[in-house]
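Fold the following.
(one chain, ligands or ions: 1)
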Amino acid sequence: MKRRDFITWTTAQTASMALGRQAGGRHAKPRVTVIGAGVFGVWTAWYALQAGAEVTLIDAWRPGHSRASSGGETRQWHPAYSNPAYAAMATRAKTLWHQWEKAWNTQLFYRTGRVLMASELGKEQVLAAHERAQKAGFPSEQLDLAALRKRYPQFNLDEVALGVFTPDIGLLAARRAVATVADRFTAGGGNLIVSKALPGNSKQGRLMSVKDTAGRAMGADQFIFACGPWLPNMFPDVLGQKLRPVRRDVFFVGAPAGDDRFALGSLPTWSFRGAPHETDFTTWYGFPSFEGRGMKLCPVNERNTFDPENDSRIVNPVQVKRAREFLARRFPALKNRPFIETRVCQVTDSIGGDFLVDRHPEWENGWFVGGGAGHGFKHGPAMGEYVAARVLGKADHPAWDKLFQLKEDRLKVFERN
Ligand SMILES: Cc1cc2nc3c(=O)[nH]c(=O)nc-3n(C[C@H](O)[C@H](O)[C@H](O)COP(=O)(O)OP(=O)(O)OC[C@H]3O[C@@H](n4cnc5c(N)ncnc54)[C@H](O)[C@@H]3O)c2cc1C
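Now for the predicted structure:
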């Protein structure tokens, strides 16, 4: 296409999108615009495309970028939820992850197994996870201290009373997965735009367009705001008291040269659980070294709010000190080993910890998808399948509709402030 033709084509295209119709005033296909290409957005766009819609996916940066919650190396898949609705969603998602891995001939899920270890005081928590995994249909095995010592000489097991091993739990290659879905989306005819988009004008209870930073107004029949931790700033009146991005510091520790005991294939994902006063027991979990990046460890107790766009991504020195102490205590071979990478990410907490999938209170065709908290990634394809069906009027999950609805109450932290 020559430059002049391209300009003419894009101008015509933009104009028709702004008007929300093509020549003749009719669209053969429903037009869906998804704002946000994190794990929820890309899978929603993909399934809307599969359902025959004309789909535009807009992201301010690119799919899987470093500031997005979905932009890390790895995210864990597990089915051990206390709420059966999430267990069902995780299980559906696993089927879909495997379906698309096969279709696209690429590996995104890595079966590592997971070992949860507990002190006497944390036993109940771990046994509950064991039962939940079994209830969801996944085998899980109890290990006494002797069995744990034999299987995992990498850990210092002082004070550990028992363990539970669930072999089917594993890791998803997070940002690679998001980028893969986005690539398939564009290869399949989806339209990906890199731009920041905000709601445009509305009319009679319908959102007519989104406007991007280049000044373009883009029309559609349905708009889905899957903007993760950006949502509360984007919709302060509606979501400012409902969602809260919270920082998470992540460390990757390098094993000694030639020591492969902390890498994928040698180490499962792991977590120590105990009573609240046992700080290191309650607050750390980790994954084996994946693609050579070092064993990952994360604290789960950070409560500091975080601006996903503007805050600096340098780990907190207090967490560095705590990570060092934890390693020295639980991983003797890694005691003085260097951190070879660190990341700062954010989870998006919501009321009751539930995901958010609902309409904007003023727009019948404007949707929110978010509130992924610290566990949303694994659900990506099941969420996308569900949201696309719901937005296109083919919803068949009333229990999920109710669970994910915009709640009346406010996040407790805001009430305290
Ligand atoms: C350290 C850490 C560990 C985690 N571990 C796990 C785990 O083990 N298992 C698990 O299942 N989950 C885990 N999670 C949670 C999971 O990563 C998130 O729930 C999930 O990634 C949320 O995805 P999202 O699509 O809602 O948001 P995001 O991935 O943040 O995507 C939102 C997108 O919207 C775009 N955007 C925002 N505003 C605009 C705009 N105005 N215009 C255009 N684009 C815009 C952003 O650029 C971004 O790409 C973890 C999270 C963190 C931080």
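
Does residue 44 touch residue 34 like I think?
Yes - Residue 44 is in contact with residue 34 according to CB atoms under 8 Å; the separation is 5.4 Å. C-betas here are computed from N, CA, C, even on glycine.

Which one of these two is surrounded by more residues?
More crowded of residue 44 and residue 34, by other CB atoms under 10 Å: residue 34, with 36 against 32.

So, low pLDDT: which residues of the stretch 301-417 of the chain?
For the stretch 301-417 of the chain, the stretches flagged by pLDDT under 70 are 412-417.

where along the stretch 1-150 of the chain do the strands fall?
Counting by DSSP state E, counting those that start in this stretch, the stretch 1-150 of the chain has strands at residues 31-35, 54-59, 74-77, 109-111, 114-118, 141-144.

For those, state which one has the densest average packing.
strand 31-35 (a mean of 28; mean count of other CB atoms under 10 Å).

Kindly list the main-chain dihedrals of the residue in the stretch 151-300 of the chain that the ligand sits nearest to?
Closest residue of the stretch 151-300 of the chain to the ligand, CB to the nearest ligand atom: residue 228 (2.3 Å). Per-residue torsions, residue 228: phi 50, psi -130 (degrees, to the nearest 10).

repeat for residue 328
Residue torsions, per degrees, to the nearest 10, at residue 328 are phi -60, psi -40.

Return the residues of the stretch 301-417 of the chain in contact with the ligand.
Within reach of the ligand by CB under 6 Å from any ligand atom, the stretch 301-417 of the chain has these residues: 345-347, 370, 372-378.

how deep is residue 302 tucked in, by neighbour count?
19.

So that it lines up with my notes, have the first residue be 23 from now on.
That works, and once the first residue is 23, the last one we named lands at residue 324.

and the lengthiest helix in the chain, what other elements does it pack with?
Looking across the chain with DSSP state H, the single longest helix is helix 106-126. Helix 106-126 is packed against strand 96-99, strand 131-133, helix 145-157, helix 196-209, helix 402-413, helix 420-425, with contacts defined by 3 or more CB pairs under 8 Å, 6 or more residues apart in numbering; DSSP states H and E.

Which of those has the highest mean neighbour count?
helix 402-413 (a mean of 25).

Can you name the residues that contact residue 161?
Residue 161 sits next to 155, 188-190 when contact means CB atoms under 8 Å, 6 or more residues apart in numbering.

at 6 Å instead, please
Neighbouring residues of residue 161 by CB atoms under 6 Å, 6 or more residues apart in numbering: there are none.

And it, how far from the ligand?
20 Å (CB to the nearest ligand atom, to the nearest Å).

Backbone dihedrals for that residue, please?
When read as degrees, to the nearest 10, the backbone of residue 161 gives phi -60, psi 150.

Turn the helices and strands packed on helix 106-126 into JSON lines, including distance to residue 319.
Shown next, in JSON lines, are the helices and strands packed on helix 106-126 (distance: least, CB to CB, whole Å):
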{"stretch": "strand 96-99", "distance to residue 319": "12"}
{"stretch": "strand 131-133", "distance to residue 319": "18"}
{"stretch": "helix 145-157", "distance to residue 319": "19"}
{"stretch": "helix 196-209", "distance to residue 319": "16"}
{"stretch": "helix 402-413", "distance to residue 319": "24"}
{"stretch": "helix 420-425", "distance to residue 319": "31"}
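
Please name whichever of those is nearest to residue 309.
Counting by CB to CB, residue 309 lies closest to strand 96-99 out of the helices and strands packed on helix 106-126; the figure is 5.4 Å.

What strands line up against the closest one, and which way round?
Strand partners for strand 96-99, identified by DSSP bridges, are recorded as strand 192-195 (antiparallel).

where in this protein is pLDDT low?
Filtered on pLDDT under 70, the chain yields the residue ranges 23-49, 296-305, 434-439.

just the helices in it please.
Using DSSP H, helices in the chain cover 25-41, 61-72, 106-126, 145-157, 167-173, 196-209, 253-256, 258-261, 301-305, 339-352, 402-413, 420-425, 434-438.

now those helices in JSON lines, with distance to residue 239?
Shown next, in JSON lines, are the helices of the chain (distance: least, CB to CB, whole Å):
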{"stretch": "helix 25-41", "distance to residue 239": "4"}
{"stretch": "helix 61-72", "distance to residue 239": "20"}
{"stretch": "helix 106-126", "distance to residue 239": "33"}
{"stretch": "helix 145-157", "distance to residue 239": "48"}
{"stretch": "helix 167-173", "distance to residue 239": "60"}
{"stretch": "helix 196-209", "distance to residue 239": "22"}
{"stretch": "helix 253-256", "distance to residue 239": "17"}
{"stretch": "helix 258-261", "distance to residue 239": "22"}
{"stretch": "helix 301-305", "distance to residue 239": "47"}
{"stretch": "helix 339-352", "distance to residue 239": "44"}
{"stretch": "helix 402-413", "distance to residue 239": "21"}
{"stretch": "helix 420-425", "distance to residue 239": "30"}
{"stretch": "helix 434-438", "distance to residue 239": "33"}
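
Any idea how far the longest helix of the chain is from the middle of the chain?
14 Å (CA atoms, centre = their mean, to the nearest Å).
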